[in-house]
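Trainee: Sequence first, predicted coordinates after that:
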Amino acid sequence: MPSIQSLTLTYDALNEDRTFSEGDTLTGKVTLALLKKITVKSFFVKAKGDAHVCWTVYSGDGSFTYSSHRRYFKLKQFFVPEGSKDTVIPRGTHVYKFSIKLPSVSMPTSFKGTYGEIVYMLEAKLSRSWRFDRSVEQEINFVSKSFPNLQSLMSRQVGSTKKEMGPFSKGQVKMDAIIDRRAYAPGETVVIVAKINNASSSDMTPKFSLTQNVVYRANSNTKHESNVIQKLCGNFIKSKTQKEVRCVMKIPCKQMQTIHNCEIISVEYYLKAYLDISFAFDPEVVFPLVIIPRDLAPGSQSGVSVGLYPAEVSQGPSNSDFPPSAVAMGYPASPHSGGYRYPGAQQYSAPAPVYSDSQPAYAGPPTYSAQATHMSRGYNNPAPQQPSPYGSPFSSSSSSSVLHPPPTAPTFHPPPSAPAIHPYPSAPPTFNMSPAAPPYSLLPSAPMMNTDFLSQTDEAPPSYSLLFLSSADENSDAK
């Protein structure tokens, strides 16, 4: 009659997908049911992670087998210490709880392929003297979250290709393609926009495909495996025409994520946009994609831009001589409309106008203060000053996307009896978007001749003797 009735192992799930990642803690219990007491040599639970590859190459001289192995961790928790001789476990059901913390270092995601696998296991093992070992194990699903350059993977990608047609056709064909970023989670949608200029004499069809490439490595040798996950076909493009094609491709919800941190197994993804041309090599643009866990997707992170052509992310490498089409991006097609902007570039606008009647009509020289200069993407965006109502000839309109109209013609007033003197304002006047010129005060004119000009002097009037000579003087002159 056997002594052990059953040995079971269960672990606690941390999420609905029952996945674990770097630094997580495995908790659970091992249940041992005995029909009679036993003497145990050792009893423990073990967690381990291993990667293994193996393939055979056949040739005329025989066959060669290539294999390689990597171990990432091996952790044990003992219920009965190893080396025990007389540890007796009585009859009945016994429950042993365990808690094992996984290493926090970068480790690859669980994977099973044709020529290799990455497996993480939990195993409970009971050893007795002169008896076969009794063990039970369960595989755990490990998902790596080690993506150190995740922010850089949110940059958009732009590619271009050009092909001169061969002897069966004339002219050339050019294609520019763009996608909004590089990293996607399973279940997300990739939007590809392609601008095609078919200046040849051949008809062609745009096509798009998502491919998985797996590379196995052992003893400086490699084994490649390629799988096409999805393939879509666009509308027919006739000769001597231009067309923009938009393709929407969804990443399968169960798709394996990218593996980049394993020495012997790597899993990569490529999105290819190409033109199917009869009797010619197909021009293509290839974009590398990175499949990441769902909780690392941009939608689950704060402060990360999502959607096609985000405005704040840096641009990816581009081999295209032309910017992406405005129609495909949803912006006005004409750059003269004032609202057109390229993806990835910031817009700068003038500050909102502030109208105030509290300032005097004539403003003295404004008080200048130091400007704080903000640099963003190589564009200088100085803090706006408040110019005088007449406007400043040194204000630059190139740093703003809003054009300011010229001021209206000045209004002239009748000359006042005396010029009005206004004190300088204590603060510079507020900024008006299209200020009307303040009223001009003309220079005072000369005094009006409404009184005798002799009354305007302080000297006494001339005496009578000076104005009319006496008769004695006249006689003396006559002699």
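Mentor: Structure received.

Trainee: So Phe132 versus Ser3, what's the distance?
Mentor: 12 Å (CB to CB, to the nearest Å). From N, CA and C alone the C-beta is placed, and that goes for glycine too.

Trainee: More neighbours: which of those two?
Mentor: Ser3 (15 against 7; other CB atoms under 10 Å).

Trainee: my read: that one touches Thr39, true?
Mentor: No - look at Ser3 against Thr39 with CB atoms under 8 Å: they stay out of range, at 9.7 Å.

Trainee: Look at Asp295 and give its secondary structure.
Mentor: Following DSSP: H, G, I helix; E, B strand; the rest coil, the label given to Asp295 is helix.

Trainee: Check what pLDDT it gets.
Mentor: Asp295 is assigned 85 on the pLDDT scale.

Trainee: can you count the residues close to Val267?
Mentor: For Val267, the neighbour count with other CB under 10 Å is 21.

Trainee: same deal with Gly49?
Mentor: For Gly49, the neighbour count with other CB under 10 Å is 21.

Trainee: Which residue is the nearest non-sequential neighbour of it?
Mentor: Tyr72 (4.0 Å; CB to CB, 6 or more residues apart in numbering).

Trainee: wouldn't the one you found be in contact with Ser106 here?
Mentor: No - Tyr72 is not in contact with Ser106 according to CB under 8 Å; the separation is 9.4 Å.

Trainee: what about those two, which has more around it?
Mentor: More crowded of Tyr72 and Ser106, by other CB under 10 Å: Tyr72, with 19 against 15.

Trainee: Spell out which residues sit in contact with that one, please.
Mentor: Listed by CB atoms under 8 Å, 6 or more residues apart in numbering, the contact partners of Tyr72 are Gly49, Asp50, Ala51, Pro103, Met107, Pro108.

Trainee: tell me, how many neighbours does the closest residue to the last one other than its chain neighbours end up with?
Mentor: Just to be clear, that refers to Pro108. What sits nearest to Pro108 in space, not counting adjacent residues and going by CB to CB, 6+ apart, is Cys262, at 3.9 Å. Cys262 has 22 neighbouring residues, counting by other CB under 10 Å.

Trainee: And the one 10 residues further on, by the same measure?
Mentor: Residues contacting Lys272 under the criterion other CB under 10 Å number 18.

Trainee: tell me which residues form a beta bridge with it?
Mentor: Ser209, Val286 (DSSP bridges).

Trainee: I figured it hits Thr211, correct?
Mentor: Yes - taking contacts as CB under 8 Å, Lys272 lies within contact range of Thr211: 6.6 Å.

Trainee: So which of the contacts of Tyr72 sit within strands?
Mentor: Gly49, Asp50, Ala51 (DSSP state E).

Trainee: Give me the pLDDT for the first one.
Mentor: This points to Gly49. In this model, Gly49 carries a pLDDT of 97.

Trainee: for it, what are its contacts?
Mentor: Arg71, Tyr72, Phe73, Lys74, Met107, Ile118, Val119, Tyr120, Met121, Phe142.

Trainee: What strand or helix carries the second one?
Mentor: Read it as Tyr72. Taking DSSP states H and E as the definition, one finds Tyr72 inside strand 62-80.

Trainee: In the stretch 151-300 of the chain, what residue spans correspond to strands?
Mentor: For the stretch 151-300 of the chain, the strands defined by DSSP state E, counting those that start in this stretch occupy 157-164, 172-179, 183-184, 189-198, 204-218, 221-233, 241-250, 265-277, 284-291.

Trainee: could those strands be laid out in a markdown table, adding distance to Leu14?
Mentor: Putting the strands of the stretch 151-300 of the chain into a markdown table (distance: least, CB to CB, whole Å) gives the following:
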| stretch | distance to Leu14 |
| --- | --- |
| strand 157-164 | 34 |
| strand 172-179 | 33 |
| strand 183-184 | 23 |
| strand 189-198 | 28 |
| strand 204-218 | 27 |
| strand 221-233 | 28 |
| strand 241-250 | 27 |
| strand 265-277 | 24 |
| strand 284-291 | 21 |
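
Trainee: Quick one: closest of those strands to Thr93.
Mentor: strand 265-277 (41.4 Å; CB to CB).

Trainee: Give the partner strands of the host helix or strand of Val88 in its sheet and their orientations.
Mentor: Assigned by DSSP H and E, Val88 falls within strand 87-89. Applying DSSP bridges to the sheet, strand 87-89 is found paired with strand 38-40 (antiparallel).

Trainee: hmm, back to that, quick one: which of the ones in strands among the contacts of Tyr72 is nearest to Phe281?
Mentor: Minimum distance to Phe281 across the ones in strands among the contacts of Tyr72 is 37.8 Å, recorded for Ala51 (CB to CB).

Trainee: can you tell me which residues contact the closest one?
Mentor: Ala51 neighbours (CB under 8 Å, 6+ apart): 69-72, 108, 116-119, 262-265.

Trainee: biggest separation within those, which pair?
Mentor: Largest separation among the contacts of Ala51 by CB to CB: Val119 and Glu263, giving 15.7 Å.

Trainee: out of the two, which sits in the busier spot?
Mentor: In this view Val119 and Glu263 are compared by other CB under 10 Å, and Val119 has more residues nearby, 15 against 10.

Trainee: where's the more buried one, which helix or strand?
Mentor: strand 116-127.

Trainee: In terms of secondary structure, what does that strand contact?
Mentor: strand 4-11, strand 25-34, strand 42-59, strand 111-112, strand 134-142 (3 or more CB pairs under 8 Å, 6 or more residues apart in numbering; DSSP states H and E).

Trainee: hmm, try it at 7 Å
Mentor: Using 3 or more CB pairs under 7 Å, 6 or more residues apart in numbering; DSSP states H and E, the elements in contact with strand 116-127 are strand 4-11, strand 42-59, strand 134-142.

Trainee: what angle do that strand and strand 221-233 make?
Mentor: Here strand 116-127 points in a direction 120 degrees away from that of strand 221-233 (axes from the mean of the first three to the mean of the last three CA atoms, to 10 degrees).

Trainee: Using the neighbour-count criterion, name the buried positions in strand 116-127.
Mentor: By neighbour count on 16 or more other CB atoms under 10 Å, the buried set for strand 116-127 is Gly116, Ile118, Tyr120, Leu122, Glu123, Ala124, Lys125, Leu126, Ser127.

Trainee: end-to-end on stretch 233-247?
Mentor: 9 Å (CA to CA, to the nearest Å).

Trainee: That one - what's its average pLDDT?
Mentor: 90.

Trainee: who touches Arg18 in this structure?
Mentor: By CB atoms under 7 Å, 6 or more residues apart in numbering, Arg18 lies in contact with Asn141.

Trainee: so how far is Gln138 from it?
Mentor: 11 Å.
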